[in-house]
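> need a 3D model of the following:
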Amino acid sequence: MGTVSPAATVDGRDPATRFISSPRAASRFWESWLREQGIPRLPARQLVGQHQRLVVVAPHPDDEILACGALLYAHLAQGGTCLLVAVTDGEASTAGAPGHDPLALASQRRKESAAGLKRLGVAEPDVVRLGLPDGGLQDHTEDLRAQVAHLVRPGDVVLTTWRRDGHPDHEACGNACAAACDTNAATLLEAPVWMWHWAEPWDPQVDWTRLTGVGVDNDTVARKLHALAAHRSQLTSRSPALPPVLDSALIERAGWDTEYFFAP
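Model prediction:
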């Protein structure tokens, strides 16, 4: 997870409507409301076939777990292949904290990322690290789009953060992947990560009709949470005045029995 900042304007909307702060709705309320909507809850193989490659494009270390840790593990467990594209090293996540050292933090977060991915069954050769600036992807959109398009192949299922997720880096990755999928005849799935903070049920900015779910069993939930626990830098307080980047709401949602994605 990277630094949290106001969202850019989309379709002329006031960016304040997608500003990330404290969650507007509790995790348990979201779970209850989502069940009431009858959103499809599919097995992983219906979103990603066994013989398809799953390409996960993560804006920051830990986003791959928050977005789709269960789907990623389930796909690999059924014999599938993957490519993990780590767009930034998350060096800005503790910006503003005393003693913040971007280079040291980037190194630490790469190690945490490798440890978390190993717990999900992702091998290091299946990871590509782009090293683009954390918090600055909107200034590198063309480079990001070109690099993602070079890595994506026809028939891939590409999974990244939603184009309206609220975090500028998340939105930049969503847009880059959408362009790459259009160019390379791949399928795009978009995961809401921060949306659950700024949105409310029935929010008109969200196309709920595109939302689909993947069922997660207890063992897979445990593996996902174990992978997330590798990201110690994000789970500890940044200073006496700054709480952890991964707040209790994000951790609770990581333990849901369903992962949600916006499908085509």
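> going forward, measure contacts between C-alpha atoms and count neighbours the same way
Noted.
> assign a three-state SS to Asp182, would you?
Classification of Asp182 using DSSP: H, G, I helix; E, B strand; the rest coil returns helix.
> all helices for the protein, in order.
27-36, 44-47, 63-77, 102-119, 141-151, 168-184, 195-198, 218-228, 232-235, 248-254 (DSSP state H).
> between the ones you listed, which one is closest to Asp126.
Of all these, helix 102-119 sits nearest to Asp126, with 10.0 Å by CA to CA.
> by how many degrees do that closest one and helix 63-77 diverge?
On the basis of axes from the mean of the first three to the mean of the last three CA atoms, to 10 degrees, helix 102-119 is oriented at 30 degrees to helix 63-77.
> turn the helices of the chain into JSON lines, including mean pLDDT, mean neighbour count and distance to Thr209.
What follows is the helices of the chain, written out as JSON lines (pLDDT from 0 to 100; neighbours: other CA atoms under 10 Å; distance: least, CA to CA, whole Å):
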{"stretch": "helix 27-36", "mean pLDDT": "96", "mean neighbour count": "13", "distance to Thr209": "12"}
{"stretch": "helix 44-47", "mean pLDDT": "95", "mean neighbour count": "16", "distance to Thr209": "16"}
{"stretch": "helix 63-77", "mean pLDDT": "98", "mean neighbour count": "24", "distance to Thr209": "19"}
{"stretch": "helix 102-119", "mean pLDDT": "96", "mean neighbour count": "19", "distance to Thr209": "31"}
{"stretch": "helix 141-151", "mean pLDDT": "97", "mean neighbour count": "16", "distance to Thr209": "27"}
{"stretch": "helix 168-184", "mean pLDDT": "97", "mean neighbour count": "23", "distance to Thr209": "18"}
{"stretch": "helix 195-198", "mean pLDDT": "96", "mean neighbour count": "20", "distance to Thr209": "15"}
{"stretch": "helix 218-228", "mean pLDDT": "98", "mean neighbour count": "19", "distance to Thr209": "25"}
{"stretch": "helix 232-235", "mean pLDDT": "94", "mean neighbour count": "18", "distance to Thr209": "33"}
{"stretch": "helix 248-254", "mean pLDDT": "96", "mean neighbour count": "17", "distance to Thr209": "21"}
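> kindly reformat the ones you listed as TSV containing distance to Ala86.
Putting the helices of the chain into TSV (distance: least, CA to CA, whole Å) gives the following:
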stretch	distance to Ala86
helix 27-36	27
helix 44-47	22
helix 63-77	9
helix 102-119	9
helix 141-151	11
helix 168-184	11
helix 195-198	21
helix 218-228	15
helix 232-235	16
helix 248-254	19
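> closest one to Leu132 among these?
With CA to CA as the measure, helix 141-151 is the member of the helices of the chain nearest Leu132 (8.1 Å).
> mind checking how far the closest one is from the chain centre?
Counting by CA atoms, centre = their mean, to the nearest Å, helix 141-151 is centred 18 Å from the centre of its parent chain.
> contact partners of it?
Outside helix 141-151, the residues that touch it by CA atoms under 8 Å, 6 or more residues apart in numbering are Leu137, Ala172, Cys173, Ala176, Cys177, Ala179, Ala180, Cys181, Thr183, Asn184.
> to Tyr260, which of the helices of the chain lies closest?
Proximity to Tyr260 (CA to CA) singles out helix 63-77 among the helices of the chain, at 8.3 Å.
> give me the helices and strands touching that closest one, please.
Other helices and strands packing on helix 63-77, by 3 or more CA pairs under 8 Å, 6 or more residues apart in numbering; DSSP states H and E, are helix 44-47, strand 53-58, strand 81-88, strand 157-161, helix 218-228, strand 258-262.
> circling back to that earlier point, which one of the helices of the chain lies nearest to Phe19?
Of these, nearest to Phe19 by CA to CA is helix 195-198, at 6.3 Å.
> please state the offset of the closest one from the chain centre?
Chain-centre distance of helix 195-198: 13 Å, with CA atoms, centre = their mean.
> contacting residues around the closest residue to Leu42 other than its chain neighbours?
Counting by CA to CA, 6 or more residues apart in numbering, Leu42 lies nearest to Val214, which is 4.8 Å off, once chain neighbours are set aside. Val214 makes contacts with Arg41, Leu42, Pro43, Ala44, Leu71, Thr258, Glu259, Tyr260, as judged by CA under 8 Å, 6+ apart.
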